[in-house]
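Participant: Sequence unavailable; structure follows:
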DNA sequence: TCGCGGCTCCCCCATTTGGGGGAGCCGCGA
DNA sequence: TCGCGGCTCCCCCAAATGGGGGAGCCGCGA
C-alpha cells in the first residue's frame, strides 16, 4: 500500500511541484493539500495521511505551530516532514524540537524528495545534523545558501513559466521576451529548482495543477 | 494594450453572449460586430482588429469565403477564430484550410472563449485545431472526418500520454508499462504527430487543454 | 557606501528528446 | 489467405534540454 501524503504549503506552485514529483512514484499517493497550517488538523483527521509534508513559513499558522497542534491533538499522528527553503532556518530547528520527523529543502531533487518521504514514513527520522550535512554537501555549499529565499518565482520567471506553459521552447521564449537564449535557460533552471521539477514538462504540469495557468 | 476583437455572427444573441464574455476581460476589447461575412472586409479595414471571431455558417457570405477574402485582400490581416456549433463541422476544416487560426465551439465556456482569443491573438495556433488544420491540409475536406479518426490515439498511446502528463520521462514510462524505451519513443512520436505537438511539453498542454487529463 | 537579489549573457558538458529509417509479431477483417 | 494496423524493438543522428561553473549591470535597502 502506498504512502499517503498531505501537502501543506502556502505556495500553490510548490505544492504542485511536490505533487508531480510524488505522484510519479508508484508507492506514494498525495491524498490532499492545504495552503496553511490552520487547515491541517481537520484534514489530518479526515484523510489520515502517513506523512504531512509541511512548509515552515506560512501566513496564518506556521509549520511549527501546526506541528505542535497535530501532535498534541491527533491520536496516532502522521509523520511530519518540514519543508524549508533555508538550509539553516531556525524555524526548522524549532519545528524539529516541536516533534517534526525530518526536513526537506525545497530545492531538493525529486529523488531526494521521495526518498525523504519514504524514510519518514518508515519511521526513520531525518535528524538535522546528518541531513543538513548531506543535503548541504549536495546542494551547492556556496550558491544554495545565498539564493535561498522563498520559493516564489520572480516576475521574470513567472513570465517564462507562462510561455513554457504555452508550449514555447527556449528560443521562442527568448525572442518573445527580447533576451538571449542563455538568459531563458537561466530562468528555466531557476524555475525548475524552485518548483522541484526535473524538466520543463513537470514545470508546466505544476503550472496547471496549481492554477498558475488555467486550462480551458 | 488590449486584444481588439471583431465579432461576426448572424445571430445577435450569439454576438451578445460573446461580447459579454469578452468585455468582462480587461485585456480584451470588442471593437465591432457584423452580421454577415460580406461586411467583414470593410470593417477589418476600418477597425483593424487583432482577432476576428467569425461564425462559419452565415447567410450571404459564410466564414470560409470571408476568411479567404480577408486573407487575400487585407494587408497584415487579423487572426481568424472560426466559431461553430458542431464539433465535426466540415465547414470548419475548410475554414482552417483557408487560413483560419483556430476554432471555437459556440457552447464553449467563457474561460475557453477568452483563452482562445488570447491564444490566437498572440500568434499561437490552438493546439488541437492545429492538428486538425494539419490533417485537413493533408487530406481532403471530404476525408476530414476520417482523418480525425486517424488522429485518434490508440489505447497504448493514451496510456503513454497519461504518464507523460504526470511528468514521467521515457524511461520511467517504459518501466511503468513494462516495455522497452524504444517502444515508448515510438509511441511518443506517434502522439506528437497526431496531436500536432512539437515536443512532449506541447503534448501535455494539449492533454490539459482538451480535458484529456484534468487538474486536481 | 556596500551587499544582495534580480536580470542578463557566456562557457562546457552529459543526458534527453525527437526524427529518420527498418523489422518482426499478432489479431482482425476483407 | 492476405493486408493492415497496432505493438514491439533496433539503428543512427541532430537538436534541445538541463546542470555546472562564471560574470557584469543595476536598483534598492541596510
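Facilitator: Thanks, I have the structure now. Just so it is clear, the model here is predicted, and its values are computed rather than measured. Numbers count the residues shown, from 1 in each chain, chains lettered A, B, ... in the order given.

Participant: which residue ranges form the helices in chain A?
Facilitator: A:12-23, A:40-47, A:63-73, A:90-97, A:110-121, A:128-138, A:143-147, A:155-164, A:170-177, A:181-195, A:200-209 (DSSP state H).

Participant: In CSV: those, plus mean pLDDT and distance to residue B:200.
Facilitator: Backbone N, C-alpha and C define where each C-beta goes, glycine included. As requested, the helices of chain A are exported to CSV (pLDDT from 0 to 100; distance: least, C-beta to C-beta, whole Å):
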stretch, mean pLDDT, distance to residue B:200
helix A:12-23, 82, 14
helix A:40-47, 93, 32
helix A:63-73, 88, 35
helix A:90-97, 61, 36
helix A:110-121, 73, 17
helix A:128-138, 33, 28
helix A:143-147, 26, 29
helix A:155-164, 90, 12
helix A:170-177, 89, 15
helix A:181-195, 89, 15
helix A:200-209, 87, 5
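
Participant: Now distance to residue B:22 and mean neighbour count too, for those helices, in TSV please.
Facilitator: Formatted as TSV, these follow (distance: least, C-beta to C-beta, whole Å; neighbours: other C-beta atoms under 10 Å in any protein chain shown):
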stretch	distance to residue B:22	mean neighbour count
helix A:12-23	27	25
helix A:40-47	39	17
helix A:63-73	43	20
helix A:90-97	46	18
helix A:110-121	41	20
helix A:128-138	50	13
helix A:143-147	41	12
helix A:155-164	20	19
helix A:170-177	23	16
helix A:181-195	31	19
helix A:200-209	23	26
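
Participant: For those helices, please prepare TSV with the additional fields distance to residue B:168.
Facilitator: Listed next are the helices of chain A as TSV, based on distance: least, C-beta to C-beta, whole Å:
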stretch	distance to residue B:168
helix A:12-23	10
helix A:40-47	25
helix A:63-73	30
helix A:90-97	31
helix A:110-121	11
helix A:128-138	23
helix A:143-147	27
helix A:155-164	18
helix A:170-177	22
helix A:181-195	16
helix A:200-209	9
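
Participant: and of the ones you listed, who's closest to residue B:159?
Facilitator: Smallest distance to residue B:159 across these (C-beta to C-beta): 15.8 Å, for helix A:12-23.

Participant: Figure out which of the helices of chain A is closest to residue B:95.
Facilitator: Nearest of the helices of chain A (C-beta to C-beta): helix A:170-177, 26.2 Å.

Participant: elements contacting the closest one?
Facilitator: Helix A:170-177 is packed against helix A:155-164, helix A:181-195, with contacts defined by 3 or more C-beta pairs under 8 Å, 6 or more residues apart in numbering or on different chains; DSSP states H and E.

Participant: I'd like to know which of these lies nearest to chain B.
Facilitator: helix A:155-164 (7.1 Å; C-beta to the nearest C-beta).

Participant: So that closest one, near chain B or not?
Facilitator: Yes: counting by C-beta under 8 Å from any C-beta of the partner chain, chain B has neighbours in helix A:155-164: residue A:164.

Participant: Could you check the angle that helix makes with helix B:200-209?
Facilitator: Relative orientation of helix A:155-164 versus helix B:200-209 (axes from the mean of the first three to the mean of the last three C-alpha atoms, to 10 degrees): 80 degrees.

Participant: interface residues of chain A facing chain B?
Facilitator: Checking chain A against chain B by C-beta under 8 Å from any C-beta, the hits are A:19-21, A:23-24, A:26, A:164-167, A:169, A:197-202, A:204-205, A:208-209, A:211, A:214-216.

Participant: Let's see that with 7 Å instead.
Facilitator: A:20, A:23-24, A:165-167, A:200-202, A:204-205, A:208-209, A:214-216 (C-beta under 7 Å from any C-beta of the partner chain).

Participant: Quickly name whichever of these is closest to DNA strand D.
Facilitator: residue A:200 (3.3 Å; C-beta to the nearest atom of the strand).

Participant: The closest one and residue B:201 touch, don't they?
Facilitator: Yes: at 5.4 Å, residue A:200 counts as touching residue B:201 under the criterion of C-beta atoms under 7 Å.

Participant: how close does residue A:166 sit to residue A:14?
Facilitator: Distance, residue A:166 to residue A:14, using C-beta to C-beta, to the nearest Å: 22 Å.

Participant: can you check residue A:63 too?
Facilitator: To residue A:14, residue A:63 is 13 Å away according to C-beta to C-beta.

Participant: And residue A:167, by the same measure?
Facilitator: Taking C-beta to C-beta, one finds residue A:167 at 23 Å from residue A:14.

Participant: now the residue nearest to residue A:176 when sequence neighbours are not counted: how far from residue A:177?
Facilitator: In space, and not counting its chain neighbours, residue A:176 is closest to residue A:163: 5.9 Å by C-beta to C-beta, 6 or more residues apart in numbering or on different chains. Relative to residue A:177, residue A:163 is positioned 8 Å away (C-beta to C-beta).

Participant: same check, this time on residue A:116
Facilitator: When residue A:116 is compared with residue A:177 (using C-beta to C-beta), they lie 35 Å apart.

Participant: now residue A:5
Facilitator: Applying C-beta to C-beta to residue A:5 and residue A:177 gives a distance of 36 Å.

Participant: what about stretch A:164-176, start to end distance?
Facilitator: 11 Å (C-alpha to C-alpha, to the nearest Å).

Participant: And stretch A:47-57, by the same measure?
Facilitator: Per C-alpha to C-alpha, stretch A:47-57 runs 23 Å from first to last residue.

Participant: mind listing what's buried in that stretch?
Facilitator: Across stretch A:47-57, burial judged by 16 or more other C-beta atoms under 10 Å in any protein chain shown covers A:49, A:50, A:51, A:52, A:53, A:54, A:55, A:56, A:57.
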